[in-house]
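how would this look folded up:
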Amino acid sequence: MSGWKEVKASMRAWFDQHVASPIVAEAGSQVIERAREETRRRLDAELQPLEAARQRDLRRIESLSGDLRGLEERTAQRLEEHDRRTVQQVSQLSGELRDEILASVADSEQGLRAELAAERRERIAGAARIEGVVESLAGTAQRAADEARRWLSDAVTQRDRVADLPHAKFAAGRLAALEKRLTDARADLDKGYSQAALGSARAVAADLGELRLDVELRRKEWTLLQTTAIEKLAVLEGFIQANARSFVLDRSGKKVTEAQFDVDRWSDGGLTRLRAKVAEAAARADGGEVDLDDLRRIVADEVPELEGELGDVLADAQRRVVASQLRANIADLVTEVLEDRFAYRTERWTYRGGDEAQAVVALLELGGNEVVVEVAPGQDPAENRLRLYSLDTSTASRERRNDRLAEVTRELRERGVDLGGVREGPDPDRASVLALLETAGLPEQAPGQAESGPTGAGG
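This next block holds a predicted model:
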């Protein structure tokens, strides 16, 4: 009689007790330095044309009238100080991925906006005082018309200043709406509605100034976020390269296996898939059409998620490596029991398909009777399926097969392997069972045991 018997063999308790969580190796200093250099290059490339644009803008500011000129000069000065401080911080902290800089720039932007609000209140109060004086003087209509023309001229200058900026990208449609209001104010003046024209011209000039500041700040934020995203992703790519090969460590820091393992292979291409995600995010961040919200998501959400995924890939590969060694240890224990207590002789010992990530299969022989031992992976890397195929040419009692299984399971339990219930199957097809031993030309012998493992099972 022949047949097969199967038990679930779990090493979860041993795994959790002995194997440490994987340590993600840091990127090399050369990778980080290259990322820093790229950050500096990008900022230099951004600042060079900005300086020429700033000089053109200062000349336009000079054509503004009175209080508005003073307001815009102070705003321009504040922006220049903002730029200088940001560049200095980036140069100092670029290697630390600049989370501190993002917070600092956000604070600076809030301060700038608060200053703008105060200046706006002051300007509105001043305009109201002027309007009161105009109404108290003779020739009010003429004076209102003169003031309206002055504000219309300032509004045109403000419009031209906005037009020099990427307003369509950072404030789509807002300039067109303000230009419509500017056209309406001119129409009011042409019709002789001086007071209406004055109020409208003053308001649109103020709103154009606010729009320019808003676009300027958004452009600066975009540049900083893009630089940060690209640097973070470049460093993450360096982390991936640094973790292409890894060790498995136990809780004491000792190597479970002496040799490094290929993380991509043992994670079923997980590292390749992760690298593709990083490359896609980097290409998106480096594109000129990426918007602020997407850059914020890349920096705040995607990069941390990808960093976490690297740890998951490494942990998955490590679990698979340890599981492979555990299967080999279990197979060794089973063949030792069959050899020492039942006089079988091991004829072949190999991995299915020549792949260490697959099942371990061994063939044992005794007087023409054969037993094939298969230790196959389960859904969980720490769970395995142990199956004994009995290929008997002479009559073998069920009791003898049960004795073999009992000795095997007793030995496994003593070595810390948790076993599930026993399943039995009908007589197996000998050719199909022996096909499990077919390999890709690997030596038909047991591999060296692990440096550290379950007691008596490779340890």
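
Helix or strand next in line after the top helix by length along the chain, which one?
Secondary structure of the chain read by DSSP state H shows that its longest helix is helix 194-242. Towards the C-terminus, the helix or strand next in line after helix 194-242, according to DSSP states H and E, is strand 245-246.

elements contacting that following strand?
With contacts taken as 3 or more Cβ pairs under 8 Å, 6 or more residues apart in numbering; DSSP states H and E, strand 245-246 sits against strand 261-262, helix 303-342. Heads up, the C-betas are built off the backbone N, CA and C, glycines and all.

thinking in terms of the whole chain, how far from its middle is the next helix or strand after the shortest one?
Spelled out, it's strand 261-262. Tracing the chain past strand 261-262, the next element assigned as helix or strand by DSSP H and E is helix 263-266. Going by Cα atoms, centre = their mean, to the nearest Å, the spacing between the C-alpha centre of helix 263-266 and its chain's C-alpha centre is 19 Å.

tilt between the longest helix of the chain and helix 303-342?
Interaxial angle, helix 194-242 versus helix 303-342 (axes from the mean of the first three to the mean of the last three Cα atoms, to 10 degrees): 20 degrees.

Tabulate the helices and strands packed on strand 245-246 (JSON lines), appending mean pLDDT and mean neighbour count.
Converted to JSON lines, those look like this (pLDDT from 0 to 100; neighbours: other Cβ atoms under 10 Å):
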{"stretch": "strand 261-262", "mean pLDDT": "88", "mean neighbour count": "16"}
{"stretch": "helix 303-342", "mean pLDDT": "90", "mean neighbour count": "20"}
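
of all these, which lies closest to Gln17?
When the helices and strands packed on strand 245-246 are ranked by distance to Gln17, counting by Cβ to Cβ, first place goes to helix 303-342 at 12.3 Å.

Beyond that closest one, next helix or strand please.
Elements were assigned by DSSP H and E; along the chain past helix 303-342, the next helix or strand is strand 345-351.

now the angle from whichever helix or strand comes after that following strand to helix 303-342?
For strand 345-351, the succeeding helix or strand toward the C-terminus, using DSSP H and E, is strand 360-366. Angle, strand 360-366 to helix 303-342, by the same axes, to 10 degrees: 0 degrees.

Who are the packing partners of strand 360-366?
Packing contacts for strand 360-366, counted by 3+ Cβ pairs under 8 Å, 6+ apart, involve helix 303-342, strand 345-351, strand 369-377.

Off-centre distance for the longest helix of the chain?
24 Å.

I'd like the average pLDDT over it.
In this model, helix 194-242 carries a mean pLDDT of 88.

cool, stretch 62-76 as well?
Taken as a whole, stretch 62-76 has an average pLDDT of 84.

repeat for stretch 375-391
Predicted confidence along stretch 375-391 averages 84 (mean pLDDT).

Three-state assignment for Glu6, please.
Under DSSP: H, G, I helix; E, B strand; the rest coil, Glu6 falls in the strand class.

So it sits against Arg423, correct?
Yes. Taking Cβ atoms under 8 Å as the definition, Glu6 is a contact partner of Arg423 at 4.5 Å.

More neighbours: which of the two?
Glu6 (19 against 12; other Cβ atoms under 10 Å).

Which strand residues bridge that one?
Beta-bridge pairing of Glu6, defined through DSSP bridges, involves Arg387, Arg423.

Next one, pLDDT for it please.
The predicted local distance difference test score for Glu6 is 80.

so who does it touch?
Contact partners of Glu6, counting by Cβ atoms under 8 Å, 6 or more residues apart in numbering, are 385-388, 422-425.

mind checking which of the helices and strands packed on strand 245-246 is nearest Asp268?
Across the helices and strands packed on strand 245-246, Asp268 has its closest neighbour in helix 303-342 (8.2 Å, Cβ to Cβ).

re the thing from before, turn the helices and strands packed on strand 360-366 into CSV, columns for distance to Asp16.
Conversion of the helices and strands packed on strand 360-366 to CSV gives the following (distance: least, Cβ to Cβ, whole Å):
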stretch, distance to Asp16
helix 303-342, 11
strand 345-351, 25
strand 369-377, 18
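
Good, we can wrap up now.
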